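> quick one: sequence plus predicted model below, questions after.
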Amino acid sequence: MSSPPTKKPPTILIVDDDSLILASLRGLFLLETDYEIIEHSDPKAAVEEAARRPVDLVISDFLMPGMNGVELLGKIKSLQPDAVRILLTGFADKENAIRGINEVGLYQYLEKPWANEDLLLLIRNALRERSLRGQLAEKIDELSALIDRHTDLSDKHSSLERELEMAARVQRGLLPEKPPQGKGFRFASYYQPSTTLGGDFYDAAEREDGTILLLADVSGHGVQAALTSMLLKASFHQAAQGAADSSALFDSMNNQLYQFLPSGMYACASTVWIRPGESQVCVANAGLPYPRLLAAGDKRIDELPLSGMPLGMFSESMPGNHDIQHVEMRRGDVLLLASDGLGDVQSPDGTMMQEGALGSAFDGLAGLDGEEVIARLVERATKFAAGASPPDDLSIVALTRS
């Protein structure tokens, strides 16, 4: 295991034309510190030295031939702005030293003769402040970099949000603009994605021999699920054009979805086939929760035990993959289809509605029309969740017999 790198000792540049002072300072620092000492008696040579190598602190006499201490420290400041600057001066030059504080940014001036303890304390404090300023500058640079990165991410996030909102408008445009027309029936619906883009979808296909309602729930969430719902719409309308019955409709959709969906993606779906002049509808299910029939006459709620396999999971449909049932609907009856988002609604303690509260959520709803049934269910689900957003997309479709 390698040892951590040792910290380089500070470099001190001493400039004084008096050799005795240079020797005195050199001896003091060698005895009391580990500083690296650079000495110069010629101010011009000191400036050239500062141009070649970095120094941490400069100590300069004031009165020197060819260049005084204030001029020297001014030149070094232009070369190394972060170097600490200390001026040694006699009492008579005190005013010039004070002037140097403003002109060259002296850290401090020290009158001759000085006490070695005061000089060492002054230099240690100056080097400590310089180190702290350096650390602060590094933190400011890091903070500036973080702010720039945050600004860049914020811009990208805003751009992504705009694109997602545009995609959400496109997706909402896939839903029927007006309720499907089925003679003798009224249609109502509710759609709430858990995020900007959802995987739930409902639609209707009009044919000469009737109307086909579809409710579907694509696996996953977000962009991929939204794109899959677009594929589902196209698959549904293409299959609805020529399908002889509900089983053929699901078979055609299954084969197309299996061909184009990524591995692991699938769609659960339910359809209701309404034929003109008939009170009986054909309900088919492929993996969604059981449909419910709310009988208005005797205020009864029946689950229709229809399961079936999701669409797009297997290359070819097999017998029994899709559950189908013909259901007689009387005046005021409501046939309800819902995605599993209704059962997945959670209370604050994490309990899901499907764990018991879902059944009681239908209490007293038989005899109401489809729009009121949906409104009551959504209200009760919202109350169960204490107003929290649903964890899954939620779609409900209600068909009421007029």
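That came in fine, so what should we check first?
> CA only for contacts and neighbour counts going forward, please
Fine.
> and residue 342, helix, strand or coil?
Using DSSP: H, G, I helix; E, B strand; the rest coil, the structure places residue 342 in coil.
> leaving out sequence neighbours, find the closest residue to it.
Computed as Cα to Cα, 6 or more residues apart in numbering, the closest residue to residue 342 that is not its neighbour in sequence is residue 394, at 5.9 Å.
> neighbours around residue 326, how many?
Residue 326 has 12 neighbours, counted by other Cα atoms under 10 Å.
> check residue 276 too.
As a measure of burial, residue 276 has 14 neighbours, counting by other Cα under 10 Å.
> on the three-state scheme, it is what?
Following three-state DSSP, residue 276 is assigned to coil.
> pretty sure it sits against residue 209.
Yes - contact criterion Cα atoms under 8 Å: residue 276 and residue 209 qualify, at 6.8 Å.
> any idea how far residue 398 is from the closest residue to residue 22 other than its chain neighbours?
Excluding its sequence neighbours, the residue lying closest to residue 22 (Cα to Cα, 6+ apart) is residue 16, at 6.5 Å. Using Cα to Cα, to the nearest Å, residue 16 is found at 97 Å from residue 398.
> which residues does stretch 74-94 contact?
Stretch 74-94 is contacted by residues 47, 50-51, 54-63, 69-70, 73, 97, 103-113, 126-127, 130 when judged by Cα atoms under 8 Å, 6 or more residues apart in numbering.
> centre of the chain versus that stretch, how much separation?
52 Å (Cα atoms, centre = their mean, to the nearest Å).
> quick one: average pLDDT of stretch 312-327?
The pLDDT scores in stretch 312-327 average 78.
> do stretch 293-303 as well
Stretch 293-303 comes out at a mean pLDDT of 93.
> after the helix or strand harbouring residue 141, next one along is what?
Using DSSP states H and E, residue 141 sits in helix 116-172. Next helix or strand after helix 116-172 toward the C-terminus (DSSP H and E): strand 185-192.
> mind listing what's buried in that next one?
For strand 185-192, the neighbour count (16 or more other Cα atoms under 10 Å) marks 185-189, 191-192 as buried.
> same deal with stretch 201-213?
201-206, 210-213.
> what's the farthest-apart pair in these?
Comparing all pairs in the buried residues of stretch 201-213 by Cα to Cα, the longest separation belongs to 201 and 210, at 20.5 Å.
> phi, psi of residue 399?
Phi and psi for residue 399, reported as degrees, to the nearest 10, are phi -120, psi 120.
> and the pLDDT at it?
Each residue has a pLDDT score; the one for residue 399 is 94.
> tell me how far residue 364 lies from residue 294.
10 Å.
> nearest spatial neighbour of residue 51, skipping sequence neighbours?
residue 79 (6.3 Å).
> residue 401 now?
residue 185 (4.7 Å).
> residue contacts, the one you found?
399-402 are the contacts of residue 185 under Cα under 8 Å, 6+ apart.
> all helices for the stretch 251-400 of the chain, in order.
357-360, 370-384 (DSSP state H, counting those that start in this stretch).
> dump those helices into TSV; add mean neighbour count as well.
Shown next, in TSV, are the helices of the stretch 251-400 of the chain (neighbours: other Cα atoms under 10 Å):
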stretch	mean neighbour count
helix 357-360	14
helix 370-384	18
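> if I average pLDDT within each of the ones you listed, which one is lowest?
Across the helices of the stretch 251-400 of the chain, helix 357-360 gives the lowest mean pLDDT, at a mean of 83.
> so residue 254 touches residue 311, yeah?
Yes - shown here, residue 254 and residue 311 form a contact pair, counting by Cα under 8 Å, at 4.7 Å.
> the more surrounded of those two?
Taking other Cα under 10 Å, residue 254 and residue 311 do not tie; residue 311 has more neighbours (30 against 27).
> ok, now which ones touch the more buried one?
250, 253-254, 257-258, 266-269, 286.
> per-domain residue ranges of this structure.
Each domain of the chain is listed here as a residue range: 11-138, 175-401, per automatic domain parsing.
> how about low-confidence regions in the stretch 1-150 of the chain?
1-6, 91-94, 96-97, 100 (pLDDT under 70).
> how about the strands in it?
Ranges of strands in the stretch 1-150 of the chain, per DSSP state E, counting those that start in this stretch, are 11-15, 36-40, 57-61, 84-89, 108-111.
> please report how far the residue nearest to residue 401 lies from residue 211.
Counting by Cα to Cα - residue 185 and residue 211 are separated by 11 Å.
> residue 136 versus residue 150, what's the distance?
Distance, residue 150 to residue 136, by Cα to Cα: 20 Å.
> repeat for residue 240
69 Å.
> more neighbours: those two, which one.
Between residue 240 and residue 136, counting by other Cα under 10 Å, residue 240 is the more crowded of the two (23 against 12).
> am I right that that one is in a helix?
Yes - under three-state DSSP, residue 240 falls within a helix.
> now do the contacts for it.
Contacts of residue 240 by Cα under 8 Å, 6+ apart are 205, 212, 249.
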